[in-house]
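Novice: just the structure for this:
(3 chains)
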Amino acid sequence: MLDRRGDRVVAVTVDDDAVELHRIDVAAADLIEWMRGHESREHPRWVWSDTTEWYPALLGRGIRVERAVDLRLCRRILRSAEAAAGSRLAAARRDAWDRAPIASAPDSGTTLFDLSAPAERSDPLDELRLQTEAVAQSAQRGVLALLLAAESVGALTAAEMSHAGLPWSASRHDEILTDLLGARPVAGRPRRMEELVVRLRELLEAPDLDPDSPERLLRALQNAGLPARSTRSWELKEIEHPVIAPLLEYKKMARVLTANGWNWVDTWVHEGRFRPVYVVGGVVTGRWASDGGGALQLPHQVRGAVVADPGWKLVVADAAQLEPRVLAAMSGDAAMARAGRAHDLYEGIVASGAVADRSEAKYGMLGAIYGGTTGVSGRVLPRMRRAFPAAMALVEDAARAGERGERVRTWLGRTSPAGRGEGYDETLTDEARARARTDARSWGRFTRNFVVQGTAAEWAMCWMGALRRRLWQLGEGAPSIAPEPFARRPHLAFFLHDEVVVHAPAELADRVAEEIRSAAADAGRMLFPAAPVEWALTVAIVDSYDRAK
DNA sequence: CGATGTTGCCAC
DNA sequence: AAACGTGGCAACATCG
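Specialist: Numbers count the residues shown, from 1 in each chain, chains lettered A, B, ... in the order given. Reported below is the predicted structural model:
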């Protein structure tokens, strides 16, 4: 357990019950070499306040650690977990440990200890003890411990991916943009967009139309006699008029230009790498969020700019229909597990006879998970309920619990925030009662989705943790070029909820693909040892990201 | 002029 | 297929 105290670091060796065995004091300046020695000899399980605070600088000095507990992340999970509700930790007052992570730019450099204002926190050893005790006393200690381990290894992986970066060809990106929009303008719009604006102005007889302003665009559409109620693309698509096609084309271009155009490359791509900042556990459900660069929204249009280094490949893997499979495993729904024997679970549902075609299966399934009530998903719901009673009961129970104001849990025990249920209050007006009911339903859709999305995030975290270890072993023997731990080794380069991109030396790509499949099986066994669910993957070995699937 | 709210669209 | 879950982000509009 490492604790920074000014220009010194206290290192305490503790046992599994967080009892102190040994303590030394290291000068911050010597810490790197001290840690390097311990890491190479014994792969200790480091314990530190916050991976975002410690790890980027260590990676910058060439230190990759096998294991590390992230106290801040673990506290957040435990504080809200119902399974640890009776603990001293749950009862403790809010303090600095509950605060947001210390922001760290990726590769913020090699300065480990000159952050001017470290957060005031209690002794991390006290915090570790509180957490250890909370887990030990819980009736759910097995799954909680797995959740904390998965979250902590996720934090390591996130920092490593930011460090390694996603290989990005700025010149290829420029070609994509130039093909689509015209050459990069010095000022104003690219040529092809400007041409479209001229056409839009003619077609709408609005000589000073600015299509970038939704308000003015809407007025121009209405002045031209179109029945537009907003400028949303999916609404405009319903209107028959010669201006619609070029307008939709313009909106597509404008989106690419503003979100992932030349300015984006200038800001986010350096030395051939895009280095996003991942926010581990940044979403209530436990999914990751990202901070800056829109890493989790990379449009398919620009993925062609993600190009492996010469002599390297990208191995891209996607967990096929992960959420339905997770639901099948959680609920023990044998019929749904059987449908998942098909590589495509939706085709499996069609084959089961429950629905007529793949699109009905897909929207019925998504409707069940999201709480859809209208359209196709509403229509096939009764048939889904008959065909997959256990799975449907699980999500509908979660929805009703949310409507009553109760909290719900993922498979590993992450607990949803407290919501307000629909309390009956006869003093309310009819209108207020109706609103309360609408709010309760809406919260029920959230809790319905929480259990599945959150458990899928846990599966993905276990998958990635297992894969991280396997990739490191696969790279053993490769001469490492200090201070770059991943310079010669296959490594994770990108993660997107249920999808990973590994950057790998070409001669190892086939073995990487095998490890990805083995890691998925590992994750399935970790979470659902007995479930007869297949964890289907789509794996592609490619030179650029757009060639996958 | 910056802060805040709204709109619309990208990802899963 | 309609507008049902989780997010981030850029641009425009408005406010103080």
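
Novice: who touches stretch A:263-279?
Specialist: With contacts defined as Cβ atoms under 8 Å, 6 or more residues apart in numbering, stretch A:263-279 is touched by A:101, A:104-107, A:158, A:161-170, A:173-174, A:288-295, A:306, A:309, A:495. No exception for glycine: its C-beta is placed from N, CA and C like everyone else's.

Novice: chain center to it: distance?
Specialist: Averaging C-alpha positions (Cα atoms, centre = their mean, to the nearest Å) puts stretch A:263-279 18 Å from its chain's average.

Novice: render the CA-only coordinates of it in CSV, please.
Specialist: The C-alpha atoms that make up stretch A:263-279 are tabulated as CSV, following Å, rounded to 0.1, in the frame of the first residue of the first chain:
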residue,chain,number,x,y,z
ASN,A,263,-9.8,20.4,-35.8
TRP,A,264,-10.4,17.2,-34.0
VAL,A,265,-7.3,15.6,-35.5
ASP,A,266,-5.2,18.7,-34.6
THR,A,267,-6.5,18.5,-31.0
TRP,A,268,-6.5,14.8,-30.3
VAL,A,269,-4.0,13.0,-32.6
HIS,A,270,-0.3,13.3,-31.8
GLU,A,271,2.6,11.3,-33.1
GLY,A,272,0.3,8.9,-34.8
ARG,A,273,-1.9,8.1,-31.8
PHE,A,274,-5.3,9.1,-30.5
ARG,A,275,-5.1,9.0,-26.7
PRO,A,276,-8.6,9.2,-25.2
VAL,A,277,-9.1,9.6,-21.5
TYR,A,278,-11.4,6.8,-20.3
VAL,A,279,-13.5,7.4,-17.2
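
Novice: touching DNA strand C at all, it?
Specialist: Yes. Stretch A:263-279 comes into contact with DNA strand C (Cβ under 7 Å from any atom of the strand), by way of A:263-264, A:279.

Novice: okay, these in JSON lines with neighbour count and distance to A:D357 next?
Specialist: Listed next are the residues of stretch A:263-279 next to DNA strand C as JSON lines, based on neighbours: other Cβ atoms under 10 Å; distance: Cβ to Cβ, whole Å:
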{"residue": "A:N263", "neighbour count": "12", "distance to A:D357": "43"}
{"residue": "A:W264", "neighbour count": "19", "distance to A:D357": "39"}
{"residue": "A:V279", "neighbour count": "19", "distance to A:D357": "39"}
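
Novice: what pLDDT does the nearest residue to A:Y370 once chain neighbours are set aside get?
Specialist: For A:Y370, ignoring the flanking residues on the chain, the nearest one in space by Cβ to Cβ, 6 or more residues apart in numbering is A:N449 at 5.8 Å. Looking at A:N449, its pLDDT reads 93.

Novice: just to revisit the earlier point, in helices, which of the contacts of stretch A:263-279 appear?
Specialist: Residues of the contacts of stretch A:263-279 located in helices (DSSP state H): A:158, A:161-164, A:170, A:173-174.

Novice: buried subset of the residues you listed as a ChimeraX selection?
Specialist: Here is the ChimeraX command that selects the buried residues among the ones in helices among the contacts of stretch A:263-279 (16 or more other Cβ atoms under 10 Å):
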select /A:158,161,162,163,164,170,173
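
Novice: check which helix or strand A:L180 maps to.
Specialist: Take DSSP states H and E as the rule and A:L180 turns out to sit in helix A:170-181.

Novice: just checking, what packs against whichever helix or strand comes after that helix?
Specialist: Toward the C-terminal end, the helix or strand that comes next after helix A:170-181 (DSSP H and E) is helix A:191-204. Contacts defined by 3 or more Cβ pairs under 8 Å, 6 or more residues apart in numbering; DSSP states H and E place helix A:191-204 against helix A:170-181, helix A:214-223, helix A:244-260.
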